[in-house]
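> Quick one, structure for this:
(one chain, ligands or ions: 1)
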Amino acid sequence: MSDIIVIGAGTAGMTAALYALRNGKSVTVLEEETFGGQIANSPRVENFPTIKEISGSDFADKLFEQITALGAEVELEKALSVEKKGKGFLVKTEYAEREAKSVILAAGVKHKHLRFPNEEELTGNGISYCAICDGPFYTGEEVALVGDGNTALQYGILLSGYCPKVYVYTLFDRFFGDESLVKTLLSKKNVVWKPNTSLTEYLGKDKLEGFRYKNAEGKIEEHRISALFVAIGQVPDNKKFENLVALDKEGYIAADETCETSCEGVFAAGDCRAKKIRQLTTAAADGAVAALGACAYIDKNF
Ligand SMILES: Cc1cc2nc3c(=O)[nH]c(=O)nc-3n(C[C@H](O)[C@H](O)[C@H](O)COP(=O)(O)OP(=O)(O)OC[C@H]3O[C@@H](n4cnc5c(N)ncnc54)[C@H](O)[C@@H]3O)c2cc1C
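As a prediction, the model looks like this:
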């Protein structure tokens, strides 16, 4: 049995591990995909205090090194469920059943999908949710991007560095991200902005051949292209925890700044928690608060 199981090795989960380990607790961190979480997919971070500029993957690596050096047990395992067992908790994963005195849910969010027919078949075959991972495959080719927030802006800037043309489709005639990113993107000569448009359909069976979209005049047009990057936001993925903790109506884990959930001994940290600002600083802050809450809970009850 570990003192604490942390579900998710993103910024919130790894910061939670850091604080709990420094408080003398044993910690197991479970991660279903890549250590580092969402930020590992960001080309550049420029708003984390004390670090002027760093790549998302370097940021994630540094945090990972910090917790493993302190003795975190980190497992590449997806948590499937969490339930109460005696005084503690049972976490079932794809490979094991693990027990802990306290659990920190730091499962982040997932990419929002357009949900058009054939999406599953085309994902990885022309449709991508990560420009940093898949962008280089399209070096020298024209690509399209849909989205209007910071992620889309960052992806557009990155892709403009090695694609001759980047078409950026947005629902409205404005972006909803940092002004500095908007300016940089729109200053790129090879970026073609398509405002007031909405995608309606993917073309292609096993490989993306393009898409249809409603243009600014409401007419359906076709864009033949072999790569589309989708960056239209994120959604929570907390259903597997709803038997244990209360969720809000959007599906985020109901917990305030204390990170305490409706179940004593279970804490929620980072983007998976109901809150207004989802950033690295707020994820790290939650990680610290949740870990110290879990340590206090263990000291009181065990
Ligand atoms: C492209 C991009 C660029 C960004 N740039 C910035 C930036 O410049 N500055 C900034 O402040 N913020 C930025 N953000 C936002 C920032 O990355 C997030 O706010 C932050 O990563 C949230 O951290 P988290 O730990 O809560 O969640 P995540 O980073 O989402 O980590 C959650 C982790 O939990 C894992 N997980 C989920 N379910 C399970 C399960 N059942 N079992 C095991 N593991 C599970 C996931 O695989 C993931 O690794 C960016 C986001 C993106 C996508």
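> So what's the residue count around the residue in the stretch 101-250 of the chain positioned nearest to the ligand?
The ligand sits closest to Gly108 of the stretch 101-250 of the chain, with a gap of 2.0 Å, by Cβ to the nearest ligand atom. All C-beta atoms are positioned from the backbone trio N, CA, C, and that covers glycine. Using other Cβ atoms under 10 Å, Gly108 has 25 other residues around it.
> Spell out which residues sit in contact with it, please.
By Cβ atoms under 8 Å, 6 or more residues apart in numbering, Gly108 lies in contact with 8, 10, 12, 37-38, 270-272.
> how close does it sit to Gly71?
24 Å (Cβ to Cβ, to the nearest Å).
> what packs against the helix or strand hosting Gly156?
Using DSSP states H and E, the element containing Gly156 is helix 150-160. Packing contacts for helix 150-160, counted by 3 or more Cβ pairs under 8 Å, 6 or more residues apart in numbering; DSSP states H and E, involve helix 131-134, strand 143-146, strand 166-169, helix 179-187.
> How about the residues of the stretch 1-150 of the chain by the ligand?
Within the stretch 1-150 of the chain, the residues that sit near the ligand (Cβ under 6 Å from any ligand atom) are 7-13, 30-33, 37-39, 41-42, 45, 47, 78-79, 106-109.
> Take these and keep only those in helices.
11-13 (DSSP state H).
> what's the angle between the helix holding Gly156 and helix 179-187?
40 degrees (axes from the mean of the first three to the mean of the last three Cα atoms, to 10 degrees).
> How about the contacts made by the nearest residue to Asp61 once chain neighbours are set aside?
Spatially, and ignoring its direct neighbours in sequence, Asp61 is nearest to Gly36 (7.2 Å; Cβ to Cβ, 6 or more residues apart in numbering). Neighbouring residues of Gly36 by Cβ under 8 Å, 6+ apart: 9-11, 14, 56-57, 59-61, 63-64.
> For ChimeraX, write the selection for the buried entries among those residues.
A single ChimeraX command selects the buried members of the contacts of Gly36 (16 or more other Cβ atoms under 10 Å):
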select :9,10,11,14,56,57,59,60,63,64
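> now, which of the contacts of Gly36 sits nearest the ligand?
Nearest member of the contacts of Gly36 to the ligand, counting by Cβ to the nearest ligand atom, is Gly10, at 2.0 Å.
> burial measure for the closest residue to that closest one other than its chain neighbours, as a count.
Computed as Cβ to Cβ, 6+ apart, the closest residue to Gly10 that is not its neighbour in sequence is Gly37, at 2.4 Å. Neighbour count of Gly37, defined by other Cβ under 10 Å: 27.
> Surely Tyr252 touches Gly270?
No - using Cβ atoms under 8 Å, Tyr252 is not in contact with Gly270; the gap is 10.5 Å.
> Looking at these two, which is more packed in?
Taking other Cβ under 10 Å, Tyr252 and Gly270 do not tie; Gly270 has more neighbours (34 against 19).
> What's the local residue count around the residue lying closest to that one once chain neighbours are set aside?
Ranked by Cβ to Cβ, 6+ apart and with sequence neighbours excluded, the top spatial neighbour of Gly270 is Ala12, at 2.6 Å. Residues lying near Ala12 (other Cβ under 10 Å) number 35.
> Just the pLDDT at Ala12, thanks.
Listed pLDDT for Ala12 reads 98.
> That one and Cys272, how far apart?
8 Å.
> which residues do these two both contact?
What both Ala12 and Cys272 touch, as defined by Cβ under 8 Å, 6+ apart, is the set 106, 108.
> Give the buried residues for the longest helix along the chain.
Longest helix in the chain by number of residues, with DSSP H as the criterion: helix 280-301. Neighbour-count burial for helix 280-301 flags 280, 282-295, 297-298 (criterion: 16+ other Cβ under 10 Å).
> How about stretch 179-186 and the ligand, touching?
No - figure legend: stretch 179-186 not in contact with the ligand (Cβ under 6 Å from any ligand atom); closest approach 9.3 Å.
> buried stuff in that stretch?
For stretch 179-186, a neighbour-count test (16+ other Cβ under 10 Å) marks 181-182, 184-185 as buried.
> For the chain, name the helix or strand with the lowest mean pLDDT.
In the chain, the helix or strand scored least confidently by mean pLDDT, DSSP states H and E is helix 131-134, which has a mean of 85.
> Could the C-alpha coordinates of that helix be exported in CSV?
Provided in CSV are the C-alpha atoms of helix 131-134 (Å, rounded to 0.1, in the frame of the first residue of the first chain):
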residue,chain,number,x,y,z
ALA,A,131,1.0,19.7,-34.0
ILE,A,132,4.2,19.2,-32.0
CYS,A,133,3.9,15.4,-32.3
ASP,A,134,2.6,15.2,-35.9
